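Participant: give me the fold of what follows.
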Amino acid sequence: MFFEVVRIKDADNRFVRRSRLPPTITTRKQATAALEKDLETYEDHGYEPQQGHWWARDKDGEQYTFWVEDLPQPMPGASKSLPH
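Facilitator: Got it, this is the predicted structure:
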């Protein structure tokens, strides 16, 4: 199984943009550790245990929400690239 960190930018408690933070990681523990290290670069940050996500606020006051998500496993024999 693979995991990824997903960042969601918030504006006035509304979803603005979803982005994946590279790289794809093989364990939830590694993904969580990578996220927690990245959060140290923000002005303010924390964990919301009731909702199971992390949050951060940058120096400009922009608010972000972070999740560690499971990546779906590719089907055996499936192409790894999308057709053009």
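Participant: next, count neighbours for residue 38.
Facilitator: By other Cβ atoms under 10 Å, 16 other residues sit near residue 38. C-beta here means a position set from N, CA and C on the backbone, and glycine is covered the same way.
Participant: assign it to helix, strand or coil.
Facilitator: helix (DSSP: H, G, I helix; E, B strand; the rest coil).
Participant: that one contacts residue 5, correct?
Facilitator: Yes: using Cβ atoms under 8 Å, residue 38 is in contact with residue 5, at 7.4 Å.
Participant: residue contacts, the spatially closest residue to residue 55 that is not a sequence neighbour?
Facilitator: Nearest in space to residue 55, with sequence neighbours left out and distances taken as Cβ to Cβ, 6 or more residues apart in numbering, is residue 65 at 5.4 Å. Shown in contact with residue 65 (Cβ atoms under 8 Å, 6 or more residues apart in numbering): 7, 8, 10, 53, 54, 55.
Participant: same question, residue 26
Facilitator: 1, 2, 3.
Participant: out of those, who's nearest residue 33?
Facilitator: Nearest to residue 33 among the contacts of residue 26: residue 3, at 11.1 Å, using Cβ to Cβ.
Participant: quick one: terminal-to-terminal distance for stretch 55-69?
Facilitator: 15 Å (Cα to Cα, to the nearest Å).
Participant: pull the distance from the helix or strand containing residue 29 to the chain's centre.
Facilitator: Assessed by DSSP states H and E, residue 29 sits inside helix 28-39. Averaging C-alpha positions (Cα atoms, centre = their mean, to the nearest Å) puts helix 28-39 9 Å from its chain's average.
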